[in-house]
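Asks: The following comprises the amino acid sequence and a computationally predicted model.
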Amino acid sequence: SSSGGITGWMKDRSARKEKERYMEQMERLSNMDVFTMEHYREELEVLEVVDVIIDVLGPQATAEDLIAMDRLQRLKVATNANKTLEDIAIMVSQITNMDVMQKTLRKRRLEGKPIPSDPEAMQAAVKKDAMTVLSKSQKEMLKSRQVDAARRMARRKQK
């Protein structure tokens, strides 16, 4: 393992603990039927923003519901959470990413595949399975993100 002595042992122990926590979280996610705002709040012990989203959309709201929020709902969440609309868009994006991760884990569990043992393996699994677990609105959101990124790249090249 890493450097000797107490420091090395502590680092190893800390890394093992972190890996255990990671695997426990992945296991929990893989066992959920649907990933709701309530789950999101429990998993990340977050943010007043999630509480505000729950106030506006309800605890059973999913990433789908967030993507489908109308302008008025977005403004209400932003105002009540004292955040910008951009902050809310970032939050929706993060929640959507977590939702995709949960769906990927669930699919793997149902297919009897192992749970990825670290974040890198998880990312690879998500890349591989994403298109089969994404909903229509999530696919559209992803596509518009890719189009926006391509436009930004094109603009940079023109300068």
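Replies: Structure received. Numbering: from 1, shown residues only.

Asks: Would you mark the buried spots in the helix or strand in which Arg109 is found?
Replies: Per DSSP states H and E: Arg109 is located in helix 85-110. Neighbour counts over helix 85-110 (16 or more other Cβ atoms under 10 Å) mark 88, 91-92, 95-96, 98-106, 108-109 as buried. Any C-beta I mention is one placed from the backbone N, CA and C, and that applies to glycine too.

Asks: tilt between the helix or strand following it and helix 85-110?
Replies: Beyond helix 85-110 on the C-terminal side, the first helix or strand identified by DSSP H and E is helix 119-133. Here helix 119-133 runs at an angle of 90 degrees relative to helix 85-110 (axes from the mean of the first three to the mean of the last three Cα atoms, to 10 degrees).

Asks: pull the CA atoms of helix 119-133 into CSV?
Replies: Extracted in CSV, the C-alpha atoms of helix 119-133 (Å, rounded to 0.1, in the frame of the first residue of the first chain):
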residue,chain,number,x,y,z
PRO,A,119,-16.4,6.8,-10.3
GLU,A,120,-14.4,6.2,-13.4
ALA,A,121,-16.0,2.8,-14.0
MET,A,122,-19.4,4.4,-13.2
GLN,A,123,-18.7,7.0,-15.9
ALA,A,124,-17.8,4.3,-18.4
ALA,A,125,-21.0,2.4,-17.6
VAL,A,126,-23.1,5.5,-17.9
LYS,A,127,-21.6,6.3,-21.3
LYS,A,128,-22.3,2.8,-22.5
ASP,A,129,-25.9,2.5,-21.2
ALA,A,130,-27.0,6.2,-21.2
MET,A,131,-29.0,6.1,-24.5
THR,A,132,-30.9,3.1,-23.4
VAL,A,133,-32.0,4.6,-20.0
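
Asks: outside of the helix or strand just after it, which residues touch it?
Replies: Of the helices and strands lying after helix 119-133 in sequence (DSSP H and E), the nearest is helix 136-158. If you take Cβ atoms under 8 Å, 6 or more residues apart in numbering as the criterion, helix 136-158 is touched by Ala63, Glu64, Ile67, Ala68, Thr96, Asp99, Val100, Met131, Leu134.

Asks: Might you report the residue contacts of the fifth one?
Replies: Contact analysis of Thr96 by Cβ under 8 Å, 6+ apart lists Ala63, Leu66, Ile67, Gln138, Met141.

Asks: per-residue pLDDT, the fourth one?
Replies: Spelled out, that is Gln138. With respect to pLDDT, Gln138 has a value of 76.

Asks: and it, how many neighbours?
Replies: Burial of Gln138 is recorded as 20 neighbouring residues (other Cβ atoms under 10 Å).

Asks: Right, I'll leave it there.
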